[in-house]
Structures are given as structure tokens and as C-alpha cells.
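A.B. asks: let me see the structure of the following:
(4 chains)
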Number of protein chains: 2
Amino acid sequence: MIHLTMRQLRYFDALARLGHFGRAAEACAISQPALSMQIKEMEEALGGVLLERNARQVVLTRFGEQLAERVREILRSVDELGDFARASRDKLTGRLRLGMIPTVAPYLLPKVIGNLTRKHPEIDIHVRESKTPTLIEELVEGRLDAAIVALPVSEPSLTEVALFAENFLLVRPPEYEGADVPSSEMLREMRLLLLEEGHCFRDQALSFCNMQAPREMLDASSLSTLVQMVGAGMGVTLIPEMAVGVETRSASVSLARFADPQPQRTVGMVWRKTSPLAKQLMQISEIVGSAAEGLRKQAAAAQGRKRRG
Amino acid sequence: MIHLTMRQLRYFDALARLGHFGRAAEACAISQPALSMQIKEMEEALGGVLLERNARQVVLTRFGEQLAERVREILRSVDELGDFARASRDKLTGRLRLGMIPTVAPYLLPKVIGNLTRKHPEIDIHVRESKTPTLIEELVEGRLDAAIVALPVSEPSLTEVALFAENFLLVRPPEYEGADVPSSEMLREMRLLLLEEGHCFRDQALSFCNMQAPREMLDASSLSTLVQMVGAGMGVTLIPEMAVGVETRSASVSLARFADPQPQRTVGMVWRKTSPLAKQLMQISEIVGSAAEGLRKQAAAAQGRKRRG
DNA sequence: TCCTAACGATAAGATTATCTGATGAGCGCG
DNA sequence: CGCGCTCATCAGATAATCTTATCGTTAGGA
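C.D. replies: Modelled structure (predicted):
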């Protein structure tokens, strides 16, 4: 019977991911020779070459590639044993790797971390901010425990829970204050500023206006930048309610609410259906949801002040 | 992050299976203290008690039980990495754990082992002889690579390939030689000797006669015994064609073939759909099939001699 | 009630596996 | 042609794991 160790699997996984002995060793917090040796032993144990060492790079053989997939799956299961153990103890404790999209994170995160650590001091939150596809991939692969994204995700292996829905508000240069709110058709005639490609919020905004992406190449990398651009008179944009408090506080822009049906998005939390933390995550989603609720109330108040001010 | 080793998983698996530190240690080919230590470390790593050490026995906790299931699954995947590696090398080589039912094994096995090792000298065949349910269980759990049983098995996780169909012949005491062959209805009036419970061949025989099990408690544990009992005038029985050569050579019994539709069974080979050896197993099934073909020709010749002799 | 056998836990020393740091060899690039 | 980057190899150090011997507990029989 072939004798593989967990070490070998972990090292190989790192190597397969990074394609570089030195960096993989660093990721495993060991020296490069240690990794080389384990990989070599693994190849001997399996009786096949896992990767080709070309001068400038390391490439997985077809065999190595297929094996890497299986190994990843195994490591995921092994890591889940730990989660399962924690869940069995039935307390909200230990590491929680949480992903968030960039149009939610800056506004929701402080509140979430505050509420969560207040209610569960033993919890150890690691947050990663990425766009939806990256988050989903990491989630499915077990490198995240849960993610907060715009729904729907429609990934069959994931459970999704809606946290809240929020409207999009129109941000215009200050001289528009009090002007009529344009319909979605009229928006198409205006210069609409957008986030760069890959942000789901960009697509949602475009979809509301029922338009293609303009080819102006002025895309911003954050909502904050967008609002600044509007303040500079470069055009108009949309932002989610949640961002109102933070983003319009110090900018000289005019905020307006669309007529019904207002554009909106649903933000929710997703996790692997098979996650042993399911029960805990459901609890957490409630905490996050109420944090968001509080935030939206603040934002509404801020908008009121803004409009009156 | 929790650090579990493959050792710990293997030792725990053995312990969960055997429920006994000493025997589990023996199964792992280590000393009992070594196993105790690893289990203890595993419990510490997971932060939960895996089993209760009562004075006379060890019992898995609910947590341990659930964990054991996951661990088994993981170990199965890990072991399959080896199989996968072999399969990738695309040669028929290495260990092959093959199960067979007792009404096939004694007749087919010598020929199969001969043919297989002749064509593939590097193959290392381990055979286990058990009744169908045991074989299927071990197969599904990854403790066997393939099994030869009577079809259908109807286990959704298994692939089944028919190897051959064989008729059942009537075995009577010698004085019946040349007498009319009874119909299946008439069989019910005769004293039909059967294998003990659990053999699929017993059920197939009963089903052909369309009858319940008689309550005579004379069940035999092998076809060989059955034929001897017939020779001693205790009744009649059925045997599969394949057994004719071996079982009636030295017994003074009369063989007769039923009128069509003759009773029969289909013998086939099964393996996990997910087995990385699938390709190889398909090849092997062909070799086994042709071995069986040869055997059945021999058996037919033997029957001819018997009838004439 | 006491003794014994069975069982799992513990401890000390030996053994094996794994790691580090130094160094070597192959290769692309300036 | 030598430099820098990369992975492989080696020797000695360190850490993980094992074995043997022994202990404490408990159930069952004398």
C-alpha cells in the first residue's frame, strides 16, 4: 500500500498552486530543500512524475494536474474535520474566513467586526476583499468559510441567505440639487461614471439603465473615487444606500432617490452547503444582517441631512 | 489551523472499526502505546473526545462516530490516489483486491489467476471469498477493488459488467440416470437440498422452483457438500454449469439439463464507478470472461462424459 | 474479599522522519 | 562568459514517532 503523508499532500498542493518551489516552501513556512525532498518522495511513492522542472519554471504534468485536483479535495475534507469539531462543540469560536465584495466591505465591515467580536469574543475573523468570482472560487475550494456578495450567486454547491436589499441613489454634481430625478431612460443621455470591469455593482448599474458599457475608459476602482469624480463635475453615478454615510460626507455632491421602482441589489451571505459550520454561519448571518440594518438607518439619516443641508 | 497527520487518521480509523486499542494497534502493525498516543494527540488537536474508554470496551462518542465516517471517506480518497497513479501509468500492475462469491470462486479462481498472471506478471492479486452483501460493502468502502458476483447488484455507486450467463443443472442420485427431467413444479415435490442462508445461489434456486425455503435445516455450506449429499441419496440439488467439472468428477450422481427455459444466473464483475482503475478493470473483466468461457466448455465436455459414462 | 487477567495510560530511551543551511548543477540573459 | 535564478543534494541538527517496561483501573472468579 502506498504511504502518503499529509505533509506531502499539503506541500504538493502549495506547489501546484504557486508553481514555484521557493515560494511554495515559503507558503508552507519551511525551507526549499524540505519541500523538494517531500515532493520527490511523493513522486517515488506514486511512481510518477508530478511536475516538469524546466529551467525557468515548474509545470505540472498531466498526471500532476489531475492529482492536484484530488489532493485539493482531500485537504479540503481534512480541514473540514477541524471545522466539524468546532461545530460539534457548538460554540461560535475559532477562525472565520470571511470574503466581501469591495462595494460592501468598507461600509459593512467595521460594524460587522464590532458586533461579532462583541457578541463572540473568541471568534477570530479573517476578511478578504475581492470581486464575486474570486470569492466564490475560494469559497468552493474551502479557502473561505463564507462570503458576503450580491445575490443571486446561483452556484449549486452553495447556500445563500439574503441579508438585506438596498436601493441605489443617484449622485450628481451639487448644482443639480432639487432638480428632477431622471428616469432610467434619461440616465442613458447623461454621462454615467462606473466602476471598472468585474464589479457586480457596475453590471447592476448598467442593467438598470438598460445600456451597454460606454467606451470612455473612465472607470473608477472604488465608489469613493466615483463620488469624487462626480464632485469634480465629470458626470453622474449611482451608489448603494449603504455607502451614503461614508462617501458623501465630505464630497460636494447632490443625492437623489429614484422614483419607484427604484434600482436595488440584494446583498447576502453564501457558504458551502457541506460546511460543518452551517449552523454557526446562519447565526452569524443574522448578526451581520442586523449590523447592516443599523447601517442603513444611519445612511438614510445622512441622506436626509445631505438633502436638507 | 488544526494539524492532523495521515497516521492519526489511519490509526483512528482502525480503532473506530475494531473498537479495541490492542487489536487496532496490531492491525496498524505498531504497539498499543503508540496508538494511544496518536489518538490522544488527535483528540487534543480536534478539541473533543473521540471515544469513551469504559473498563471493558471503548465506545465512540457521537462526535467520534461522525468523525470516523468522514475520516473513512478521506482515507478512501487518499488510497485512491495510489490507484489513480497506477492507472495513469496505464499498465495493469500493482495490487488488485478481488472479491468473489463462494459459488464461483473455487471453479473460476484457478483459471483467472493463471490467465491474469500469465498476461500481466506484475499484477498482485489478493482474493477474498465472501457472500454478496459483504463483498458489496467492502467494495463500496474501498477495501476491495472489484468483485465477481451474480448480477444484478443494483448498487448505484457501482458499475457492473456481465461476464457470462450459465445454466443450472439438476443433480440426482445415480439411479435416476436417464429418467425424465422434472419441471420446476415437480421439483417442489422432491427433496431439494440447498446452500445455507445468505448465498445468492440458494435464492436463485428457490426462485426457479418458485417456492419458500423448506424448514428442514439441512443446508450445506458448499456446492461440494451438496453434491456429496445427493450422492448419499439425501435428495436432489442444482449446481451451476461451471461447477460440473470439479464437483461431479468423483461423485456418483446423475446430471440432467432442464428443458428450456433453463434456470440460470448471470455472473458479472462490479467496481466503484469512481474507481481510477476503471479502465484496467474493464480489461481484467475481459480476461476473466474468457477464462470463464474456457471453463464452461470444459464443464460441458465433462457433463457429456458423465452422461455417457 | 482478594487475586488475576485484560485493558488503556504513562514514561524513558531509541529510532526514524523531517528540517535547515551550505553547496552544486543547469540554464537563460546581459 | 559570468551573473542570477532555480531546483537538487548532502550532512548534521531537530522533531516526531515508536518500543519496551510499567502503572492504575476494573471485571470476574476463587
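
A.B. asks: contacts, neighbours, all on C-alpha from now
C.D. replies: Noted.

A.B. asks: any idea how far whatever helix or strand A:Gly289 lives in is from the chain center?
C.D. replies: Taking DSSP states H and E as the definition, one finds A:Gly289 inside helix A:278-308. Relative to the mean C-alpha coordinate of its chain, helix A:278-308 is positioned 18 Å out (C-alpha atoms, centre = their mean, to the nearest Å).

A.B. asks: helix, strand or coil for A:Ala243?
C.D. replies: Judged by DSSP: H, G, I helix; E, B strand; the rest coil, the three-state class of A:Ala243 is helix.

A.B. asks: go on, A:Arg202?
C.D. replies: Note that with three-state DSSP, the state of A:Arg202 is helix.

A.B. asks: which residues in the stretch 151-300 of chain A form strands?
C.D. replies: In the stretch 151-300 of chain A, the segments counted as strands under DSSP state E, counting those that start in this stretch are A:158-172, A:237-240, A:254-257, A:264-272.

A.B. asks: which other helices and strands contact the third one?
C.D. replies: Read that as strand A:254-257. Counting contacts by 3 or more C-alpha pairs under 8 Å, 6 or more residues apart in numbering or on different chains; DSSP states H and E, the secondary-structure elements packed against strand A:254-257 are strand A:158-172, helix A:278-308.

A.B. asks: could the ones you listed go into a markdown table alongside mean neighbour count?
C.D. replies: As requested, these are arranged in a markdown table below (neighbours: other C-alpha atoms under 10 Å in any protein chain shown):
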| stretch | mean neighbour count |
| --- | --- |
| strand A:158-172 | 20 |
| helix A:278-308 | 17 |
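
A.B. asks: what residues does chain A put near DNA strand C?
C.D. replies: Along chain A, the residues adjacent to DNA strand C under the rule C-alpha under 7 Å from any atom of the strand are A:5, A:7, A:29-35, A:37-38, A:54-56.

A.B. asks: PyMOL command to pick out the buried ones of these?
C.D. replies: For selection in PyMOL, the members of the residues of chain A next to DNA strand C meeting the burial criterion (16 or more other C-alpha atoms under 10 Å in any protein chain shown) are listed in this command:
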select buried, chain A and resi 7+32+35+38
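
A.B. asks: show me which of the residues of chain A next to DNA strand C has the smallest pLDDT value.
C.D. replies: Lowest model confidence among the residues of chain A next to DNA strand C falls on A:Ala55, which carries 65.

A.B. asks: just to revisit the earlier point, list, out of the residues of chain A next to DNA strand C, those positioned next to chain B.
C.D. replies: The overlap between the residues of chain A next to DNA strand C and the neighbours of chain B (C-alpha under 8 Å from any C-alpha of the partner chain) comes to A:5, A:7.

A.B. asks: near DNA strand D, which of the residues of chain A next to DNA strand C show up?
C.D. replies: On the criterion C-alpha under 7 Å from any atom of the strand, A:32-34, A:37, A:55-56 are the entries of the residues of chain A next to DNA strand C that sit beside DNA strand D.

A.B. asks: so which of the helices and strands packed on strand A:254-257 is nearest chain B?
C.D. replies: When the helices and strands packed on strand A:254-257 are compared by C-alpha to the nearest C-alpha, helix A:278-308 sits nearest chain B, at 15.8 Å.

A.B. asks: list the buried ones in the worst-scoring helix or strand of chain A on mean pLDDT?
C.D. replies: Counting by mean pLDDT, DSSP states H and E, chain A has its least confident helix or strand at helix A:184-187, which shows a mean of 74. Residues A:184, A:187 are the ones in helix A:184-187 that count as buried (16+ other C-alpha under 10 Å).

A.B. asks: what's it in contact with?
C.D. replies: For helix A:184-187, the external contacting residues (C-alpha atoms under 8 Å, 6 or more residues apart in numbering or on different chains) are A:208-210.

A.B. asks: for those residues, which single residue is the most surrounded?
C.D. replies: Ranked by neighbour count (other C-alpha atoms under 10 Å in any protein chain shown), the contacts of helix A:184-187 have A:Cys209 at the top, with 17 neighbours.

A.B. asks: A:Phe21: what's it in contact with?
C.D. replies: With the criterion set at C-alpha under 8 Å, 6+ apart, A:Phe21 makes contact with A:15, A:32, A:35-36, A:58.

A.B. asks: go again with 10 Å.
C.D. replies: A:11-12, A:14-15, A:27, A:31-36, A:39, A:53, A:57-58 (C-alpha atoms under 10 Å, 6 or more residues apart in numbering or on different chains).

A.B. asks: mind checking pLDDT for the nearest residue to A:Leu218 once chain neighbours are set aside?
C.D. replies: Excluding the flanking residues, the one nearest A:Leu218 by C-alpha to C-alpha, 6 or more residues apart in numbering or on different chains is A:Leu193, at 7.1 Å. Predicted confidence (pLDDT) for A:Leu193: 88.

A.B. asks: touching, A:Leu193 and A:Leu238? I think so.
C.D. replies: Yes: counting by C-alpha atoms under 10 Å, A:Leu193 does reach A:Leu238; the two are 8.1 Å apart.

A.B. asks: what's the overlap in contacts for the two?
C.D. replies: Counting by C-alpha under 10 Å, 6+ apart, the shared contacts of A:Leu193 and A:Leu238 are A:171, A:202, A:205, A:226-227.

A.B. asks: out of these, which one has the lowest pLDDT?
C.D. replies: Least confident of those in the model: A:Ala205, at 84.

A.B. asks: A:Ile125 sits in which helix or strand?
C.D. replies: Using DSSP H and E, A:Ile125 falls within strand A:123-129.

A.B. asks: contacts for that strand next, please.
C.D. replies: Outside of strand A:123-129, the residues that reach it under the criterion C-alpha under 10 Å, 6+ apart are A:91-106, A:109, A:113, A:116-117, A:135, A:144-148.

A.B. asks: likewise for stretch A:54-64?
C.D. replies: For stretch A:54-64, the external contacting residues (C-alpha under 10 Å, 6+ apart) are A:12, A:15-21, A:43, A:48-53, A:65-68, A:70-71, B:84-85, B:88-89.

A.B. asks: which of these are buried? Put it as a PyMOL command.
C.D. replies: Command for PyMOL, covering only those of the contacts of stretch A:54-64 found buried under the criterion 16+ other C-alpha under 10 Å:
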select buried, (chain A and resi 12+15+16+19+20+21+43+48+49+50+51+66+67+68+70+71) or (chain B and resi 84+85+88)
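
A.B. asks: inside helices: which ones of the contacts of stretch A:54-64?
C.D. replies: Under the assignment DSSP state H, the contacts of stretch A:54-64 contribute A:12, A:15-18, A:21, A:43, A:65-68, A:70-71, B:84-85, B:88-89 to helices.

A.B. asks: hey, where'd the strands end up in the stretch 1-150 of chain A?
C.D. replies: Counting by DSSP E, counting those that start in this stretch, residue ranges of the strands within the stretch 1-150 of chain A are A:51-53, A:58-60, A:94-100, A:123-129, A:146-151.

A.B. asks: would JSON lines of those strands with mean pLDDT and distance to DNA strand D be doable?
C.D. replies: Shown next, in JSON lines, are these (pLDDT from 0 to 100; distance: least, C-alpha to the nearest atom of the strand, whole Å):
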{"stretch": "strand A:51-53", "mean pLDDT": "83", "distance to DNA strand D": "5"}
{"stretch": "strand A:58-60", "mean pLDDT": "82", "distance to DNA strand D": "5"}
{"stretch": "strand A:94-100", "mean pLDDT": "87", "distance to DNA strand D": "22"}
{"stretch": "strand A:123-129", "mean pLDDT": "90", "distance to DNA strand D": "24"}
{"stretch": "strand A:146-151", "mean pLDDT": "94", "distance to DNA strand D": "30"}
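
A.B. asks: which one of the ones you listed is the most hemmed in?
C.D. replies: Between those, strand A:146-151 has the highest mean count of neighbours, a mean of 26, where neighbours are mean count of other C-alpha atoms under 10 Å in any protein chain shown.

A.B. asks: what pairs with that strand, parallel or antiparallel?
C.D. replies: Each strand that pairs with strand A:146-151, with its direction, by DSSP bridges: strand A:94-100 (parallel), strand A:264-272 (antiparallel).
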